[in-house]
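Peer 1: Here you go, sequence then predicted model.
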Amino acid sequence: MTDAMGGTNAASGSGAQGVPGATPGPAGGGGAGGSGAGDAEAARRVRVVLVDDHRMFRTGVQAEIGETARTGVEVVGEAADVDQAVTVITATRPEVVLLDVHLPGGGGVEVLRRSASMMADQDRPVRFLALSVSDAAEDVIGVIRGGARGYVTKTITGTDLVDAIFRVSEGDAVFSPRLAGFVLDAFASTDAPPVDEDLDRLTQREREVLRLIARGYAYKEIAKQLFISVKTVESHVSAVLRKLQLSNRHELTRWATARRLV
C-alpha cells in the first residue's frame, strides 16, 4: 500500500498468523463510530483475516492496522492462497476478511464462492472487503457479484482502511471513489451484462498478465511487478494465447483493447 503499508507502527502480534496458529475467538463486532481512536479497545473491536499472496504486504498491513488497542482491529489470521484462506476463515470466523483479488488457487472469487455459507450466516456473518492493486472493472464487478461488501485499492491510507473495515463489519458497502462508478454502471439495469466466455476461460493471474502485456510491459517488467519469475510469465502468456486461440502478443493486445481491458 503506497501511503499506509510501509508500516510506521509496530505490529501488536495479536491474533493467529496463518493456518497453524489460527484459533477461533468470540464473535466481536463493532458499534457505531469513526476509525481507530485511543479508546478503540473499549468501544469497538473487529476481528480480521488478511488474505494476500505477498508476505511483505501482509506484514505491512498488520503493522499499520493490527495494533488493536489503538485501532480496534484484531488480526486473527493470515492466508496466502485460496485453500489457506478458506481454512483459516472457517477456523476463526472473523467479522471481516481483507481479500486480495488475485490469489493462487482460483483468485478471490473462488474464496468467496467457498465461503458462501459463512457470508449467509444470519447470526455471525463473515463479510469481505477486497483490497487489491487492481482497479480493473472486471475485477471489481467480479468480487462484488461474488458477495464482497466493498473494494478498495492498495493506495488507501491506514486510517481509511480501518474505517472501511468497521463500516463493512456493520453492513455498509465501501468503495474507493473511482471504483464505485464501475459497480453503479454494472448494476444500473435489471439485465446483467453479458458474460464474456473467452475471458472466463482465463484464471485471475492470467488476466493480470494479459492486461500488462496489452499495456506494453516486457516479460521482465511483468515478473518484477507480480513477484514471479520470467519463466512463469512466459507460461502464463502461452496459456492465454492457447485459451484465446491467438498467435502472438500483438493479436493479444488487440483482443484486450477491444474488450477495454487495458
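Peer 2: Happy to help now that I have it.

Peer 1: Need the three-state assignment for residue 122.
Peer 2: coil (DSSP: H, G, I helix; E, B strand; the rest coil).

Peer 1: And the pLDDT at it?
Peer 2: At residue 122, the model reports a pLDDT of 84.

Peer 1: Tell me how far residue 97 lies from residue 66.
Peer 2: Counting by CB to CB, to the nearest Å, the gap from residue 97 to residue 66 is 15 Å. The way it works is simple: take the backbone N, C-alpha and C, and place the C-beta from them, glycine included.

Peer 1: Could you check which of the two is surrounded by more residues?
Peer 2: Each of residue 97 and residue 66 has its neighbours counted (other CB atoms under 10 Å); residue 97 has more, 32 against 24.

Peer 1: wait, the more buried one sits on residue 131?
Peer 2: No: between residue 97 and residue 131 there is no contact under CB atoms under 8 Å: 9.6 Å.

Peer 1: would you put the C-alpha positions of the helix or strand hosting residue 232 in CSV?
Peer 2: Taking DSSP states H and E as the definition, residue 232 sits inside helix 230-244. C-alpha atoms of helix 230-244 as CSV (Å, rounded to 0.1, in the frame of the first residue of the first chain):
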residue,chain,number,x,y,z
VAL,A,230,10.1,-14.6,-16.1
LYS,A,231,9.6,-18.3,-16.9
THR,A,232,6.3,-18.2,-15.1
VAL,A,233,5.2,-15.1,-17.1
GLU,A,234,6.1,-17.0,-20.3
SER,A,235,4.0,-19.9,-19.2
HIS,A,236,1.0,-17.6,-18.4
VAL,A,237,1.3,-15.9,-21.8
SER,A,238,1.4,-19.3,-23.6
ALA,A,239,-1.7,-20.4,-21.7
VAL,A,240,-3.5,-17.2,-22.5
LEU,A,241,-2.7,-17.5,-26.2
ARG,A,242,-3.8,-21.1,-26.3
LYS,A,243,-7.1,-20.5,-24.5
LEU,A,244,-7.9,-17.5,-26.6
